[in-house]
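Peer 1: make a model of this:
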Amino acid sequence: MKLVTYRIGENEKVGILTPEGDSLYPMEVFDLNFKTMLELIDNITADQKKMIQEKMSSGILDAIPLRKVKLLAPIPQPRQDLICMGVNYFEHVHEVNEFVDDGNFKNQDPAIYFSKRVNEAVAPGDYIESHSDIVKDLDYEAELAVIIGKKARNVKAKDASDYVFGYTIVNDVSARTIQSKHKQWYFGKSLDGFTPMGPIIVTADEFAFPPKLKLQCKVNGELRQNTTTDRMIHTISEAIEELSQGMTLLPGTIISTGTPSGVGIAHNPPKILKSGDIVECIIEGIGILSNQVK
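Peer 2: Prediction:
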């Protein structure tokens, strides 16, 4: 399934994309009443998923054209801060060490985790706030995000796929000077408007595990990042096993799995985002997350 959160009139709702991708089915056509994506993740059953698939296959459901709704981030207000993985692609290690002041990373280093505060995730098509009064080097990071589907504690890597609800795209927007100034990543990645997310959640059953998907980022049409998700150093399974040892991952937890090489700060000279720039984060099978810098 390809799940969306959308606004129609004054109402925020959850829906499912049609196979054609140009319309959506509201949950009401399935006689389901999930009011938010988090409520759906918490409560949907295997029987309900099967019923949805059967009804969608019938082809007789009423759908709403996407042009009549406003797509929101799939989880507009995450239950907790995002868990992010830092320096988690092989080629990104090299560019960070070369171009970032505090870079001193190795492929065999333990995984790096940090949190990213998000009061409200930025919807597809909405603005990235530049915070130009305090941010002088705004940057992009296209990332595959994993959504946990059930309470996870002391999970073994071999069982990790059982805990994955689905996947979406996150742009881990970053203020590089703030990162360097404070010698940690939390503040420089957590300003308002720094978490574009979407456009959809694709449920885990749509991909083989672990997913091997083409991941790209374009700025004003220029290809900046280009890799596949099997180039991660630390895998999704490893992250779920490690994080769940002594720390409970609740349903709806979002793990953003890191960005590949090609970030703006690593170009020579740096290609920093400016007002008016269009950033497209693209992941095969999920779609395009497009946002303009304000």
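Peer 1: give me the below-cutoff pLDDT ranges for the stretch 101-250 of the chain.
Peer 2: Across the stretch 101-250 of the chain, the ranges flagged by pLDDT under 70 are 101-103.
Peer 1: which residues in it form strands?
Peer 2: Counting by DSSP state E, counting those that start in this stretch, the stretch 101-250 of the chain has these strands, from start to end: 112-116, 127-128, 138-139, 142-148, 164-171, 174-175, 197-203, 214-219, 222-228.
Peer 1: what's the closest of the ones you listed to Gly287?
Peer 2: strand 197-203 (5.0 Å; CB to CB). Every residue, glycine included, has its C-beta placed from N, CA and C.
Peer 1: between its first and last residues, how far does stretch 230-243 reach?
Peer 2: End-to-end span of stretch 230-243 (CA to CA, to the nearest Å): 20 Å.
Peer 1: residues contacting stretch 13-28, please?
Peer 2: 1-7, 33-37, 39-40, 52, 56, 61-66, 69, 200 (CB atoms under 8 Å, 6 or more residues apart in numbering).
Peer 1: could I get the buried residue list for it?
Peer 2: Buried residues in stretch 13-28, counted by 16 or more other CB atoms under 10 Å: 13-18, 23-27.
Peer 1: in PDB, list the C-alpha atoms belonging to stretch 88-106.
Peer 2: Extracted as PDB, the C-alpha positions of stretch 88-106 are listed here (Å, rounded to 0.1, in the frame of the first residue of the first chain):
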ATOM      1  CA  ASN A  88      26.300   6.000   7.000                       C
ATOM      2  CA  TYR A  89      27.200   5.700   3.300                       C
ATOM      3  CA  PHE A  90      30.600   4.600   2.200                       C
ATOM      4  CA  GLU A  91      31.300   7.500  -0.200                       C
ATOM      5  CA  HIS A  92      30.000  10.100   2.200                       C
ATOM      6  CA  VAL A  93      32.700   9.100   4.800                       C
ATOM      7  CA  HIS A  94      35.400  10.300   2.400                       C
ATOM      8  CA  GLU A  95      33.700  13.700   1.600                       C
ATOM      9  CA  VAL A  96      33.000  14.400   5.200                       C
ATOM     10  CA  ASN A  97      36.600  13.800   6.200                       C
ATOM     11  CA  GLU A  98      37.800  16.000   3.300                       C
ATOM     12  CA  PHE A  99      35.400  19.000   3.600                       C
ATOM     13  CA  VAL A 100      34.000  19.100   7.100                       C
ATOM     14  CA  ASP A 101      36.100  20.700   9.900                       C
ATOM     15  CA  ASP A 102      35.400  18.000  12.500                       C
ATOM     16  CA  GLY A 103      35.500  15.000  10.100                       C
ATOM     17  CA  ASN A 104      37.500  12.100  11.300                       C
ATOM     18  CA  PHE A 105      35.400   9.000  10.400                       C
ATOM     19  CA  LYS A 106      36.100   5.500   9.200                       C
END
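Peer 1: tell me the buried residues in that stretch?
Peer 2: With burial defined by 16+ other CB under 10 Å, the residues of stretch 88-106 counted as buried are 88-89, 92-93, 95-96, 100, 105.
Peer 1: likewise stretch 249-257?
Peer 2: When neighbours are counted by 16+ other CB under 10 Å, the buried residues of stretch 249-257 are found to be 249, 251-257.
Peer 1: output those as a markdown table; include the columns distance to Ile282.
Peer 2: What follows is those, written out as a markdown table (distance: CB to CB, whole Å):
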| residue | distance to Ile282 |
| --- | --- |
| Leu249 | 27 |
| Pro251 | 27 |
| Gly252 | 24 |
| Thr253 | 24 |
| Ile254 | 19 |
| Ile255 | 20 |
| Ser256 | 16 |
| Thr257 | 16 |
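Peer 1: with adjacent residues omitted, what lies nearest to Ile64?
Peer 2: Leu24 (5.5 Å; CB to CB, 6 or more residues apart in numbering).
Peer 1: if I look at that neighbour, how far off is Phe30?
Peer 2: 12 Å (CB to CB, to the nearest Å).
Peer 1: out of the buried residues of stretch 13-28, flag the one nearest to Gln80.
Peer 2: Val14 (19.6 Å).
Peer 1: CA atoms only: put the strand or helix carrying the closest one into PDB for me.
Peer 2: Assigned by DSSP states H and E, Val14 belongs to strand 11-17. Extracted C-alpha coordinates of strand 11-17, given in PDB (Å, rounded to 0.1, in the frame of the first residue of the first chain):
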ATOM      1  CA  ASN A  11     -10.200  18.200   7.500                       C
ATOM      2  CA  GLU A  12      -7.000  16.200   7.800                       C
ATOM      3  CA  LYS A  13      -7.400  12.600   6.800                       C
ATOM      4  CA  VAL A  14      -5.500   9.400   5.900                       C
ATOM      5  CA  GLY A  15      -5.800   7.700   2.500                       C
ATOM      6  CA  ILE A  16      -4.400   5.200   0.100                       C
ATOM      7  CA  LEU A  17      -3.100   6.000  -3.400                       C
END
